[in-house]
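> Provide a 3D model corresponding to the input given below.
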Amino acid sequence: MEFNTIYYVIIFLVSCFGFYISGELIVKSLIRIAKALGWKEFVVSFLIMSLVGSLPNLFVGITSALYNTPQLAFGDIIGGNVVDITLSVALAALFSKNGIPAKSRTIQQTILFTLFSAALPIILTWDGDVSRIDGIILISVYVFYLVWLFSSKERFAKICDEADQKKKKIALSFLSLLKIVIALAIFMIASNGIVSAANYFAIAWNVPIIMIGLFIVGLGNCFPEIFFAISSARKGNDWMILGDLIGCVVVPATLVLGIVAIICPIDLTGHMASLEIARIFLIISLIMFFWFAKQEQSISKKEASILLLLYITFIIAEIFIR
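Below you'll find the model as predicted:
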């Protein structure tokens, strides 16, 4: 293996680790703020943790747009959504005691919105690009959901106990804010490392940049939510899992992709063939996830095994059918 290849592999792995470390710092700081505000667990995991989990997508997306390679961001988001809906959900359910519950009315209503949000980028790319107007549409969809979520107090608010009130001072402390600033700085440095490594791999291996996004970057950026989902499942915090994973599908597919498209419209005319298999598997994954969560109102271990098998099939299909 050439020295340059080893160098960029190390850069990529260190950058992924940087995403993990900075994600941990931000989650611990923001979760205190959310609890101090008296938000429900689903809202905490959807709005806070999924937003933090999507920061790697955001920083990679903005950096790739500035490098005039927004296709990397698109591949990252599509590939990441396939990972979250199949691999992440499957591992979380397999590590949980009784599967992942989805009986909450808010979760049930949000699942339908998730299906629409994840499919929207695919719909918008039928003309071969994601324009700035498409970007505005994507961001508007995300804002619409937030307005709906916070339009009814019962969806997000809960009664705070004394412990939550005491955490308010800690949440707003200088130390918590300092950790967030440090974490954001790490995100910026790591995103540059990811994009630089991705561009090198695309040239050295003669692989389209969008494929690097689908596989390497997409999977790497999903490590924070995979870790959080497994950790929550093992600790019995099942109510946090779907909020995080649903949010990690919705936020990149709407807010992040919209921002990238506004900075630099995404031209996919030369990459549609590379996306075919990923788009088909994303649609199948969404339908299966929607069916499992709606019919049984939970993701059982059996259903998790099906989702895991679907992800493995996706990888095999991408490698051998291409």
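
> the stretch 101-250 of the chain: strands as residue ranges?
Taking DSSP state E, counting those that start in this stretch as the test, the strands found in the stretch 101-250 of the chain are 129-130.

> can you give me the helices for it?
For the stretch 101-250 of the chain, applying DSSP state H, counting those that start in this stretch gives helices covering 105-124, 132-151, 153-156, 162-171, 174-204, 209-212, 218-220, 223-235, 238-251.

> JSON lines for those helices, including mean neighbour count, distance to residue 52 and mean pLDDT?
Where you see a C-beta, it was placed from the backbone N, CA and C, and this is true even at glycine. What follows is those, written out as JSON lines (neighbours: other C-beta atoms under 10 Å; distance: least, C-beta to C-beta, whole Å; pLDDT from 0 to 100):
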{"stretch": "helix 105-124", "mean neighbour count": "18", "distance to residue 52": "18", "mean pLDDT": "86"}
{"stretch": "helix 132-151", "mean neighbour count": "16", "distance to residue 52": "15", "mean pLDDT": "90"}
{"stretch": "helix 153-156", "mean neighbour count": "14", "distance to residue 52": "18", "mean pLDDT": "60"}
{"stretch": "helix 162-171", "mean neighbour count": "13", "distance to residue 52": "15", "mean pLDDT": "51"}
{"stretch": "helix 174-204", "mean neighbour count": "18", "distance to residue 52": "9", "mean pLDDT": "79"}
{"stretch": "helix 209-212", "mean neighbour count": "25", "distance to residue 52": "24", "mean pLDDT": "80"}
{"stretch": "helix 218-220", "mean neighbour count": "23", "distance to residue 52": "16", "mean pLDDT": "76"}
{"stretch": "helix 223-235", "mean neighbour count": "20", "distance to residue 52": "8", "mean pLDDT": "74"}
{"stretch": "helix 238-251", "mean neighbour count": "26", "distance to residue 52": "9", "mean pLDDT": "80"}
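
> can you tell me how far residue 67 is from residue 264?
9 Å (C-beta to C-beta, to the nearest Å).

> who's more crowded, these two?
The residue with more neighbours, out of residue 67 and residue 264, is residue 264; 21 against 16, by other C-beta atoms under 10 Å.

> list the contacts of the residue positioned nearest the centre of the chain.
Geometric centre of the chain, nearest residue: residue 248, 3.1 Å, by C-alpha atoms, centre = their mean. Residues in contact with residue 248 (C-beta atoms under 8 Å, 6 or more residues apart in numbering) are 50, 53, 54, 80, 84, 88, 222, 225.

> does the second one really touch residue 225, like I thought?
So that's residue 53. Yes. At 4.5 Å, residue 53 counts as touching residue 225 under the criterion of C-beta atoms under 8 Å.

> overlap in contacts of these two?
Joint contacts of residue 53 and residue 225 (C-beta under 8 Å, 6+ apart) are 244, 248.

> count the neighbours of residue 263 for me.
Residue 263 has 18 neighbours, counted by other C-beta under 10 Å.

> for residue 222, same thing?
So residue 222, with other C-beta under 10 Å, has 26 neighbours.

> test my guess that it contacts residue 82.
No. Using C-beta under 8 Å as the test, residue 222 is too far from residue 82 to be in contact (9.4 Å).

> how about the helices of the stretch 101-250 of the chain, which one is nearest residue 22?
helix 174-204 (3.8 Å; C-beta to C-beta).

> which other helices and strands does the closest one contact?
Packing partners of helix 174-204 (3 or more C-beta pairs under 8 Å, 6 or more residues apart in numbering; DSSP states H and E): helix 3-37, helix 55-66, helix 71-83, helix 209-212.

> now the third one - C-alpha only, PDB.
This means helix 71-83. What follows is helix 71-83, C-alpha atoms only, in PDB (Å, rounded to 0.1, in the frame of the first residue of the first chain):
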ATOM      1  CA  GLN A  71     -22.100  15.000  -4.800                       C
ATOM      2  CA  LEU A  72     -20.100  13.700  -1.800                       C
ATOM      3  CA  ALA A  73     -22.600  15.200   0.600                       C
ATOM      4  CA  PHE A  74     -25.500  13.700  -1.400                       C
ATOM      5  CA  GLY A  75     -24.000  10.200  -1.400                       C
ATOM      6  CA  ASP A  76     -23.200  10.600   2.300                       C
ATOM      7  CA  ILE A  77     -26.800  11.400   3.200                       C
ATOM      8  CA  ILE A  78     -28.400   8.700   1.000                       C
ATOM      9  CA  GLY A  79     -25.900   6.100   2.200                       C
ATOM     10  CA  GLY A  80     -26.300   7.300   5.800                       C
ATOM     11  CA  ASN A  81     -30.100   7.000   5.700                       C
ATOM     12  CA  VAL A  82     -29.800   3.400   4.400                       C
ATOM     13  CA  VAL A  83     -27.400   2.600   7.300                       C
END
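
> quick one on the thing from earlier: tabulate the helices of the stretch 101-250 of the chain (TSV), appending distance to residue 72.
Converted to TSV, the helices of the stretch 101-250 of the chain look like this (distance: least, C-beta to C-beta, whole Å):
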stretch	distance to residue 72
helix 105-124	15
helix 132-151	16
helix 153-156	34
helix 162-171	35
helix 174-204	6
helix 209-212	5
helix 218-220	10
helix 223-235	17
helix 238-251	18
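
> if anything else comes up later, I'll come back, but that's it for now.
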